[in-house]
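Participant: Provided below for reference: sequence and predicted model.
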Amino acid sequence: MRLLFTLLSLSVSHSSLSASPSLETYKREMIKWEGVRFTPYADGKCFTSGIGHNLNAHRETLKPRYSTLEVDRWFYKDLSLALDAANTGIRDFDDLPDEVQLLVIGLVWTVGPTGFKRFVNLRRALSWRAYEAAAMELLDSRWATQVSPARAKHYRLILQSQP
C-alpha cells in the first residue's frame with residue numbers, strides 16, 4: 001500500500017485525481033482495450049509494452065521484459081498526461097459524464113496528447129456537449145480506421161447515448 005501511495009504521489013498530480021472515474025476504473029478501461037504486456041512488441045512505427053505504453057515516445061530502454069512495478073508506474077504517468085491533455089483540450093472536462101471521460105482518456109491514450117490536439121472539432125463539440133457532432137467527428141477521423149472497428153463503434157454509441 002505504501003508503494004502504491006508513493007507511485008501515486010510521484011506520478012499523478014492532485015488535480016488529476018479529482019476526475020470522476022476512479023483510478024481503478026480508468027485502469028480497467030485501458031486494460032480492456034490495450035491489454036497488459038510485460039514484453040515489448042512492435043506497434044506500427046514504435047515499440048509498446050505495459051498498458052499501451054509507447055516506449056519510444058517516452059524514451060524507455062528497450063528490455064526483454066518489464067516488471068509489474070514498471071508497468072504500474074507507466075500507467076499512472078500516462079494517465080496523468082492523458083488527464084492533463086483532456087482538461088486542457090475540453091472545457092470543464094471533469095463535468096462530462098463518466099463514460100465520456102473514459103472515452104476521451106482512451107482516445108488520448110491511443111493518439112497521445114499531441115495527436116489529441118489535432119481533434120479540434122471533436123474537442124469543440126465535447127466542450128459544448130454536442131455529443132452527436134462529437135460522434136460524427138470521431139468517426140470522420142483517421143483514428144476511427146486505425147483502431148479496431150469495435151472500439152470506434154463503442155465510442156460512437158457512448159456519445160450518441162448522451163442526452
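Facilitator: That came through fine.
Participant: Give me the distance between residue 111 and residue 142.
Facilitator: Residue 111 sits 9 Å away from residue 142, taking CB to CB, to the nearest Å as the criterion. Bear in mind the C-beta positions are built from the backbone N, C-alpha and C, glycine included.
Participant: If you could redo that for residue 86, that was the one I meant.
Facilitator: Applying CB to CB, the value for residue 86 to residue 142 is 20 Å.
Participant: Among these two, which residue is more densely surrounded?
Facilitator: The residue with more neighbours, out of residue 86 and residue 142, is residue 86; 23 against 10, by other CB atoms under 10 Å.
Participant: for that one, what are its contacts?
Facilitator: Neighbouring residues of residue 86 by CB atoms under 8 Å, 6 or more residues apart in numbering: 93, 101, 104, 105, 108, 116.
Participant: Type out the PyMOL command that picks the buried ones from the residues you listed.
Facilitator: Those of the contacts of residue 86 that meet the burial criterion (16 or more other CB atoms under 10 Å) are gathered into one PyMOL selection, given here:
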select buried, resi 93+101+104+105+108+116
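Participant: nearest to residue 27, of the contacts of residue 86?
Facilitator: For these, the minimum distance to residue 27 (CB to CB) is 10.6 Å, reached by residue 105.
Participant: Setting the sequence-adjacent residues aside, check what's closest to the closest one.
Facilitator: What sits nearest to residue 105 in space, not counting adjacent residues and going by CB to CB, 6 or more residues apart in numbering, is residue 82, at 4.8 Å.
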